[in-house]
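>>> When you get a sec, could you give me coordinates for this:
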Amino acid sequence: MRRYNVAIWVGIFMLLLASCTDGSKYVLALPDDAALVASVNLKTLSQKAGLNNEKEKSVARKLKAVLGSDLSSQELVDKIIQNPSESGIALEDNIYFFVRKQAASAGVLARVSSRSAVADLLEAFHEQQLCGALRESGGCTWTVMGNTLIAYSDIALVAMTPLRQGEAKDLQYQAERLLRQKEGEGFASTPDYQKMMESKGDIVTLASLELLPSEYVTPLTMGVSAELKLKDVKALATLSFENGKAVADIIPVITDGVMNDLLEKQLKACSVLKGHYLDTFSSNTGVWMAMNIDGGQIFSLLNENPTMRRQFKTSMIPLDFAAIFNAVKGDVTIVFPNPLRSRDFIMYADVVNRDFLQTFEALKPLVAMSGGQVKLLNKGQDAYEFRAVDAAMLNLGKGPMALWFGVKDNRFYLTNNDQLVGKKPLGWSLRDTEWGGGVTGKRFFGAVNFAGMTGGLGYLTAESPDGKNIHIEWVMKDKQVNVLQQLVQIVGF
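Below is the predicted model:
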């Protein structure tokens with residue numbers, strides 16, 4: 001049953017893409033407690049994906065295979081392919097995806113153009129035992145497909161799935177209430193919805209921290225003022241598919257004073273990148289991330305959090321944390337040279353002195369008490385090797401662990417492969433890549449190289465010019481064809 005359910009939803013979504021004017025009242029059914037809402041322009045996606053008659057026929061064949069040999073069901077699929085309005089869903093309108101606060105449930109909202117046509121489609125599913133019988137309640141019709149409740153009225157259709165507990169049928173009354181909402185009710189009556197409508201992008205999303213379940217929020221906000229309002233910490237994201245690349249922009253929409261004050265302090269503890277570590281790695285490096293920080297200010301900021309301050313003061317590890325943080329000032333980079341083949345990593349950080357290394361000498365008496373389970377060895381001047389027989393004793397995973405760290409050429413390093421220390425590229429470096437020239441002056445920059453993968457994938461970059469907004473680009477090797485069309489070809493549709 002579950003396999004068929006997934007296949008049907010994949011088929012329906014592709015049918016939506018195969019056909020594809022907002023402003024109808026169906027948007028009134030968006031829940032007022034939605035912590036995430038995404039609007040998808042299916043018509044634009046269909047055009048950019050290059051879906052043609054042959055691809056539509058391929059979708060039809062796969063959906064028919066799921067529905068079985070029933071002739072009425074087969075005929076219904078043919079009708080929808082030839083005339084998508086036969087589905088009863090207004091495919092020319094936007095489709096909305098939403099997740100309610102604390103990830104209680106997720107749903108999809110679409111406009112209904114023909115209630116009887118939707119009934120015919122779901123009856124065909126019911127005849128194949130893919131969903132329950134249609135029922136009438138509270139002015140709408142509903143059924144259950146797997147763990148998804150589908151309810152519809154003359155105007156809108158919602159499909160909802162519980163994410164944390166309960167069964168699909170438990171969402172019946174919620175769905176009925178959403179379908180009865182009027183002007184001034186629900187998410188569509190909020191300024192956030194208006195922001196989404198004013199934004200340009202093939203997919204537009206607005207989310208708040210209320211999306212996170214309480215068990216995830218507590219560790220993140222521990223020690224932060226109780227006045228922090230999660231619903232007022234939001235971000236607006238737009239995603240557009242262009243020729244040769246996909247472009248995403250994430251813009252913070254924060255009206256909570258506590259969070260704004262915290263972000264301003266964090267911004268003052270950081271500066272713009274100098275690009276020091278672009279020449280250190282070859283152009284085919286897998287993952288590279290960098291930012292410029294003032295370790296002393298970061299340490300002061302961390303100590304404003306009562307929980308963190310207590311951790312530093314009561315730590316059983318005899319390290320001078322203040323000395324370590326205060327030594328770091330400048331570019332910091334974390335690199336995974338080839339994550340497809342190994343877990344090797346190395347971190348570099350600009351430091352103003354090497355005196356802080358002396359604090360690691362204080363660890364040796366503690367290490368000696370481990371009975372050989374843990375070792376800290378000097379590996380020359382300003383260099384150490386740390387080994388643990390089983391990293392589980394340090395809550396760092398299972399199995400043996402080895403780390404090398406020290407200071408060389410005014411750069412602190414930490415790595416799990418000592419062969420990476422001081423290694424220089426023989427040919428082109430990261431500075432020679434397409435994106436290398438855009439690193440200096442940014443507050444953050446990260447890049448992932450997909451060159452070792454198949455399918456014409458190029459690279460992905462994420463950057464923040466001001467420490468607040470984030471700009472992401474996924475660039476393909478073929479710059480002439482829309483990235484969505486290339487992705488459709490890669491997945492085989």
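
>>> what about residue 340, how many neighbours?
Residue 340: 9 surrounding residues under other CB atoms under 10 Å. Yep, even glycine has a C-beta here, placed from its N, CA and C like the rest.

>>> which phi and psi does it have?
Note on residue 340: backbone dihedrals following degrees, to the nearest 10 are phi -70, psi -30.

>>> And residue 130, by the same measure?
Dihedral angles for residue 130 - degrees, to the nearest 10 - are phi -100, psi -10.

>>> Can you show me the strands along the stretch 1-150 of the chain?
For the stretch 1-150 of the chain, strands defined by DSSP state E, counting those that start in this stretch occupy the ranges 34-40, 95-100, 105-111, 135-137, 140-145, 148-152.

>>> Just send these back as a markdown table, with mean neighbour count too.
Putting the strands of the stretch 1-150 of the chain into a markdown table (neighbours: other CB atoms under 10 Å) gives the following:
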| stretch | mean neighbour count |
| --- | --- |
| strand 34-40 | 23 |
| strand 95-100 | 21 |
| strand 105-111 | 23 |
| strand 135-137 | 11 |
| strand 140-145 | 21 |
| strand 148-152 | 24 |
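
>>> And those: which comes nearest residue 382?
With CB to CB as the criterion, residue 382 lies closest to strand 34-40 of these, at 48.1 Å.

>>> Now do the closest one, average pLDDT.
Average pLDDT, strand 34-40: 96.

>>> right, and the strands of the stretch 1-150 of the chain - which one's nearest residue 197?
In terms of CB to CB, the element of the strands of the stretch 1-150 of the chain nearest to residue 197 is strand 34-40, at 8.1 Å.

>>> Could you give the number of residues near residue 491?
7.

>>> How much space separates it from residue 485?
From residue 491 across to residue 485, the span is 11 Å (CB to CB, to the nearest Å).

>>> what do you get for residue 379?
Separation of residue 379 from residue 485 (CB to CB): 53 Å.

>>> between those two, who's got more neighbours?
Neighbours were tallied for residue 379 and for residue 485 using other CB under 10 Å; the higher tally belongs to residue 485 (17 against 13).

>>> phi, psi of the closest residue to that one other than its chain neighbours?
Residue nearest to residue 485 in three dimensions, not counting chain neighbours: residue 50, with 4.0 Å by CB to CB, 6 or more residues apart in numbering. For residue 50, the backbone dihedrals (degrees, to the nearest 10) come out as phi 70, psi 30.

>>> Now do the SS call for residue 318.
coil (DSSP: H, G, I helix; E, B strand; the rest coil).

>>> ok, it - contacts?
Neighbour list for residue 318: 359, 362, 363, 366 [criterion: CB atoms under 8 Å, 6 or more residues apart in numbering].

>>> these two touch, right, the first one and residue 319?
Right, residue 359. Yes. Between residue 359 and residue 319 there is a contact under CB atoms under 8 Å: 5.2 Å.
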